[in-house]
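Engineer: no sequence on hand, only this structure:
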């Protein structure tokens, strides 16, 4: 086996597709069965739209919505809006990941579903991945695309795991009542509340994704997610109207604990990390899906150079670290800085005033957390391999 990919989210699926199309053998391990929901804001920057469509995904036919405006509100209800220069689209992970999975099956990826990687070891210039079923998968290379937090992070003793994160993420799909002004299909909104913020964006079939970040301390204080939402989120009048004029499409939300925005290493024990495994952008920047897609492509393209003998393993790892840093470090840094303005009643109100008074400042922050669109990503990658 040439490559084992651990994790079947966007980064893992994209990496698998690129590697199989390069003529390499790929096994992808995913602990769930497609399709499934994930905690995710489900807004995608248009920087990756040409690439996804070049893979054969008919995004418009899949129901992707067009998004070209941004709104954010303070807990008091003060609001600011701006155009999104590049724009994006809304589509659920349930639908997008499943479409990439079906494409991957047709392209020849070997999927091992309902399995979890328990251990990954590197010895003698190859990897062994031990699954919870007792199976052992051996390959020349491993790409880690197992998301925000995994058993493997602990096994690898990754630095960010040594300090617990206070954040939790919660997501619903909702259906709005007709003709409600809080729901605009062309707008991705960020609604602040004390110690957190909530994103709202349209997805397929007239539905919306509502996804928020807050702290475990807040949840413990109020005892349950519904009580937290009533007591804290709905103090923002926009969120109160959204909850009051929509239907929850599944009874219990998707929840993830200990969401960490601490810096991570792009290579750990010779494993190439991709997507959230390599670094997680703050949700307020709304661009994690595009970063995962782009990161999966980058890992696959350089991995192909190694597996076809154009790079040594040391060169692969050095160039991947450098390329990942060049592509994403700036975005993550801006996201961490900007996050300090949100989740606080006074600061978020001040941010509305500041960005309202200086519109180019807000648009500059948005540009710094997004990349340029690519129709063909192979030319810059060849520069990385040959350089």
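Structural biologist: That came through fine. Remember, predicted model here, so these are calculated numbers, not experimental data.
Engineer: what segments of the stretch 1-150 of the chain are helices?
Structural biologist: 10-21, 49-55, 93-107 (DSSP state H, counting those that start in this stretch).
Engineer: mean pLDDT for these: which is lowest?
Structural biologist: Of all the helices of the stretch 1-150 of the chain, the minimum mean pLDDT falls on helix 49-55 (a mean of 93).
Engineer: re earlier: now render the helices of the stretch 1-150 of the chain as TSV, adding mean neighbour count and distance to residue 307.
Structural biologist: In short, each C-beta sits where N, CA and C put it, glycine included. Below are the helices of the stretch 1-150 of the chain laid out as TSV (neighbours: other Cβ atoms under 10 Å; distance: least, Cβ to Cβ, whole Å):
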stretch	mean neighbour count	distance to residue 307
helix 10-21	27	8
helix 49-55	17	21
helix 93-107	19	17
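Engineer: looking at these, spot the one closest to residue 127.
Structural biologist: For the helices of the stretch 1-150 of the chain, proximity to residue 127 was assessed by Cβ to Cβ; helix 10-21 is nearest, at 14.8 Å.
Engineer: which is the next helix or strand following the lengthiest helix in the chain?
Structural biologist: Using DSSP state H, we find that the single longest helix of the chain is helix 288-307. Note on helix 288-307: by DSSP states H and E, the next helix or strand toward the C-terminus is helix 313-324.
Engineer: distance to residue 36 added to the helices of the stretch 1-150 of the chain, as a markdown table?
Structural biologist: Listed next are these as a markdown table, based on distance: least, Cβ to Cβ, whole Å:
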| stretch | distance to residue 36 |
| --- | --- |
| helix 10-21 | 13 |
| helix 49-55 | 19 |
| helix 93-107 | 7 |
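Engineer: and the strands in the stretch 201-350 of the chain?
Structural biologist: In the stretch 201-350 of the chain, the strands defined using DSSP state E, counting those that start in this stretch lie at 208-215, 246-248, 254-259, 267-268, 271-273.
Engineer: all strands of the stretch 1-150 of the chain, in order?
Structural biologist: Using DSSP E, counting those that start in this stretch, the strands of the stretch 1-150 of the chain run over 3-6, 26-30, 43-45, 65-73, 79-90, 110-113, 117-123, 126-131, 136-139, 141-144.
Engineer: deepest of those strands, which one?
Structural biologist: A comparison of the strands of the stretch 1-150 of the chain by mean neighbour count, using mean count of other Cβ atoms under 10 Å, puts strand 3-6 on top with a mean of 29.
Engineer: okay, now the sheet partners of it, with direction.
Structural biologist: Applying DSSP bridges, strand 3-6 is found paired with strand 26-30 (parallel), strand 141-144 (parallel).
Engineer: among those strands, which is nearest residue 183?
Structural biologist: strand 26-30 (32.7 Å).
Engineer: quick one: distance of that closest one to the chain centre.
Structural biologist: Using Cα atoms, centre = their mean, to the nearest Å, the mean C-alpha position of strand 26-30 is found 19 Å from that of the whole chain.
Engineer: with stretch 347-359 instead?
Structural biologist: On Cα atoms, centre = their mean, the centre of stretch 347-359 falls 27 Å from that of its chain.
Engineer: buried stuff in that stretch?
Structural biologist: Buried residues in stretch 347-359, counting neighbours by 16 or more other Cβ atoms under 10 Å, are found at 348, 349, 351, 352, 355.
Engineer: next, find the distance separating the fourth one from residue 280.
Structural biologist: If I follow you right, that is residue 352. Distance, residue 352 to residue 280, by Cβ to Cβ, to the nearest Å: 25 Å.
Engineer: using a markdown table, lay out the strands of the stretch 201-350 of the chain together with distance to residue 135, mean pLDDT and mean neighbour count.
Structural biologist: Output for those, formatted as a markdown table (distance: least, Cβ to Cβ, whole Å; pLDDT from 0 to 100; neighbours: other Cβ atoms under 10 Å):
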| stretch | distance to residue 135 | mean pLDDT | mean neighbour count |
| --- | --- | --- | --- |
| strand 208-215 | 34 | 94 | 24 |
| strand 246-248 | 38 | 95 | 15 |
| strand 254-259 | 27 | 87 | 16 |
| strand 267-268 | 22 | 96 | 18 |
| strand 271-273 | 18 | 97 | 27 |
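Engineer: out of the ones you listed, nearest to residue 322?
Structural biologist: Here strand 267-268 is closest among the strands of the stretch 201-350 of the chain (Cβ to Cβ), at 10.7 Å.
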